[in-house]
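**Q** Predicted model follows, preceded by the sequence.
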Amino acid sequence: MQVRPYGSGRFVLVIDRGEEVIASLTSFLEERDIRGACLSGIGAVKDIVLGYFDVEKKEYAKRTFDEVMELGNLSGLTGFADGKPVPHLHATVAGPEMISFTGHLFRAEAAVAVEIVLTDLSDEIPRVPDKDTGLKLVRLSPGAPDRSEG
Ligand code: ZN
């Protein structure tokens, strides 16, 4: 992955062919100790797993796309939980028909490159377990509704 700072906590990241998007991003966040950031990106990816969260079942329905697809949009908010960065990314991908699929991004490998602009928000975005969904949700302040376990 290529990384270059652009001042004021901004970075351009280029995830190169063959590199997995979430693993690359997580490594970057760990190395820089970035605990809260927002990002957007584009590119071309393959071996993609997208998810749709079923609120009733409290689990993700997943769909895999093996082929190379355009990454029409990658966006997300990265937080921090249990001493580790937690990227939360959603992606929109499309094949040659240019019909898109979108969902929670579980994995994707750069097929050409993935170009990302990331802004370090210079403070932690805490994520805590939510008992209703089983997900780690953003809890910005102690005054926020406490739906955590224990
Ligand atoms: Zn999500």
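**A** It's in.

**Q** For the strand ranked longest in the chain, list every residue counted as buried.
**A** If you go by DSSP state E, the chain has its longest strand at strand 100-120. Residues of strand 100-120 classed as buried by neighbour count (16 or more other Cβ atoms under 10 Å): 101, 103-106, 108-111, 113-116, 118-120. Every residue, glycine included, has its C-beta placed from N, CA and C.

**Q** Output the contacting helices and strands for that strand.
**A** Under the contact definition 3 or more Cβ pairs under 8 Å, 6 or more residues apart in numbering; DSSP states H and E, strand 100-120 sits against strand 10-16, helix 21-32, strand 37-54, strand 59-65, strand 69-81, strand 84-94.

**Q** chain center to stretch 98-108, what's the gap?
**A** Here stretch 98-108 shows a centroid-to-chain-centroid distance of 12 Å under the convention Cα atoms, centre = their mean, to the nearest Å.

**Q** wait, stretch 94-109
**A** What separates the centre of stretch 94-109 from the centre of its chain is 14 Å, taken as Cα atoms, centre = their mean.

**Q** surely residue 53 meets residue 60?
**A** Yes - look at residue 53 against residue 60 with Cβ atoms under 8 Å: they come within range, at 5.5 Å.

**Q** anything in contact with each of these two?
**A** Counting by Cβ atoms under 8 Å, 6 or more residues apart in numbering, the residues touching both residue 53 and residue 60 are residue 104.

**Q** Can you tell me the centre-most residue of the chain?
**A** Centroid-nearest residue in the chain, with Cα atoms, centre = their mean: residue 89, separated by 2.5 Å.
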